[in-house]
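Colleague: Prediction below, plus the sequence it came from.
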Amino acid sequence: MRFAVAFVAACCAAGAASGGGANAQDSIPASLTGAKGDPARGRAIVTNRQLGLCLLCHSGPFPEERFQGNLAPDLAGAGKRWSEGQLRLRIVDSSRVNPATIMPSYHRTDGFTRVAPAWRGKPVLTADQIEDVVAFLTTLRD
Amino acid sequence: MVALAGASFAGEIPQAERRSGYELMSRETRAMQDDDTANPGMLAVLEGSALWARKTGAGGRACADCHGDARASMKGVAARYPAYDATLKRPVNLEQRINLCRTERQQSPALAYESRELLALTAYVARQARGVPIDIPVDARTQPFLDRGRAAFYRRQGQLNLACSQCHDDNWGRRLAGNTIPQAHPTGYPVYRLEWQSLGSLQRRLRNCLVGIRAEPYEYGAPEMVELELFLMWRARGMAIETPGVRP
């Protein structure tokens, strides 16, 4: 599978260079935007079924949300299980960790088949939105 | 990159473990399908029975003028569709067969996909196969179409990059948001879908899924659609037709 989000490669390389903790292949240590995301906006994206889509497959600590999916791990404790960089990679392109994953690649735009015209060439989430979601998920420590 | 191979595809559902979507529905929805006086699809079946007897087109002929009583002549037919058409040299689904009869025998314009009339006639014909096991004969003529349908089922598509199989083979029974994922056996089409509040064809349902994964849906009647239908019916071989089915 091709992987062509150039800055991801750059970030991974940077991670390796800095030797910063996690395996560079398993992490995107640096923010995609250079700025920190906003956890409150991130929570809104995660619970939005048209935007983040997360709750279609995942459940999580969202008592107000009915009908959460169970195709994927519960998001509770995600911020404890994964580092910020690991979370970022798993949202940007989970197929880097597991090519057979059912998790969509939220910030990849090529290597797809028959994408609907309205979505062609566009990522599921923008870099800003990814950072908001990462910022929120790191707060899920229980 | 090592741990992937094992966990990837659960593969085809063993025949003994296949379940109609009916079995995954609530008791209330099952009761609605089971009771002909409560099943909204039966209204279309009734309408279809009237259309069956109505003369149409330049030929001034009704379906019944050639085929007689559908309860006898159409018994079990829908369980064998899509079926290979020797003239067109490709499989046609039930809607296409009805329209071929209209345009060629009745000299009447083809009915539009998802039109009330086409759904009604299809439901009426398919109702005559209720309880009949699906039987899709595979031979040298149909094999390439079946293979293409199978390939489509296992092909990742759309912005969300999902294959049919990843939900309907690998994750059936789990919940996508509030909905239990079925195994995708097309046993009840045309179905009355509560989400639609109307009757709809298998192709309408397939298009819904394609839109859901943000893929470009195939046009109604497209060869790719019929190939996928053919594969799904073959995959459901031996399972009983339920038309008119009710689904959430």
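Modeller: Sure, I can see it. Residues are numbered from 1 along each chain as shown, chains lettered A, B, ... in the order given.

Colleague: what does chain B have sitting close to chain A?
Modeller: B:1, B:3-4, B:7-9, B:155-162, B:166-167, B:170-171, B:174-179, B:181, B:211, B:214-217 (CB under 8 Å from any CB of the partner chain). All C-beta atoms are positioned from the backbone trio N, CA, C, and that covers glycine.

Colleague: ok, and the spatially most central residue of chain A, which helix or strand is that part of?
Modeller: Chain A has A:Ile91 as the residue nearest its centroid, 1.5 Å off, counting by CA atoms, centre = their mean. According to DSSP states H and E, A:Ile91 maps onto helix A:84-93.

Colleague: which strands and helices sit next to that helix?
Modeller: helix A:6-18, helix A:127-137 (3 or more CB pairs under 8 Å, 6 or more residues apart in numbering or on different chains; DSSP states H and E).

Colleague: roughly how far apart are the residue lying closest to B:Ala31 once chain neighbours are set aside and chain A?
Modeller: Leaving aside its sequence neighbours, B:Ala31 sits nearest to B:Ala38 (CB to CB, 6 or more residues apart in numbering or on different chains; 7.0 Å). Going from B:Ala38 to chain A by CB to the nearest CB, to the nearest Å gives 26 Å.

Colleague: Quick one: buried ones out of the residues of chain B next to chain A?
Modeller: B:156-162, B:166-167, B:170-171, B:175-177, B:181, B:214-217 (16 or more other CB atoms under 10 Å in any protein chain shown).

Colleague: Which residue, other than its chain neighbours, is closest to A:Val124?
Modeller: A:Tyr106 (4.4 Å).

Colleague: who's in contact with that neighbour?
Modeller: Taking CB atoms under 8 Å, 6 or more residues apart in numbering or on different chains as the criterion, A:Tyr106 is in contact with A:Ile91, A:Val92, A:Asp93, A:Pro123, A:Val124, A:Leu125, A:Ile130.

Colleague: ok, now A:Ala116?
Modeller: B:Gly158, B:Gln159, B:Val211, B:Arg214, B:Ala215, B:Glu216, B:Pro217.

Colleague: Chain neighbours aside, what residue packs nearest to the fourth one?
Modeller: So the one you mean is B:Arg214. B:Arg214 sits nearest to B:Gln159 (CB to CB, 6+ apart), 3.7 Å away.

Colleague: Now do the same contact list for the residue lying closest to A:Ala118 once chain neighbours are set aside.
Modeller: Excluding the flanking residues, the one nearest A:Ala118 by CB to CB, 6+ apart is B:Arg214, at 7.8 Å. Neighbouring residues of B:Arg214 by CB under 8 Å, 6+ apart: A:Val115, A:Ala116, A:Ala118, A:Trp119, B:Gly158, B:Gln159, B:Leu160.

Colleague: Dump these into TSV; add distance to B:Pro248 as well.
Modeller: What follows is the contacts of B:Arg214, written out as TSV (distance: CB to CB, whole Å):
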residue	distance to B:Pro248
A:Val115	28
A:Ala116	24
A:Ala118	27
A:Trp119	27
B:Gly158	23
B:Gln159	25
B:Leu160	21
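
Colleague: Widest-spaced pair of those?
Modeller: Farthest-apart pair in the contacts of B:Arg214 is A:Ala118 and B:Leu160; separation 13.0 Å (CB to CB).

Colleague: Name the spans of the chain whose pLDDT lies under the cut-off.
Modeller: Answering for chain A, as no chain was given. Applying pLDDT under 70 to chain A flags the ranges A:1-24.

Colleague: wait, I meant chain B there
Modeller: Short version for chain B, where the test is pLDDT under 70: B:1-10.

Colleague: As a check, name the ranges of all helices in it.
Modeller: Per DSSP state H, chain B carries helices over the ranges B:4-7, B:27-34, B:41-53, B:63-67, B:70-73, B:94-100, B:116-127, B:143-153, B:164-168, B:202-212, B:223-235.
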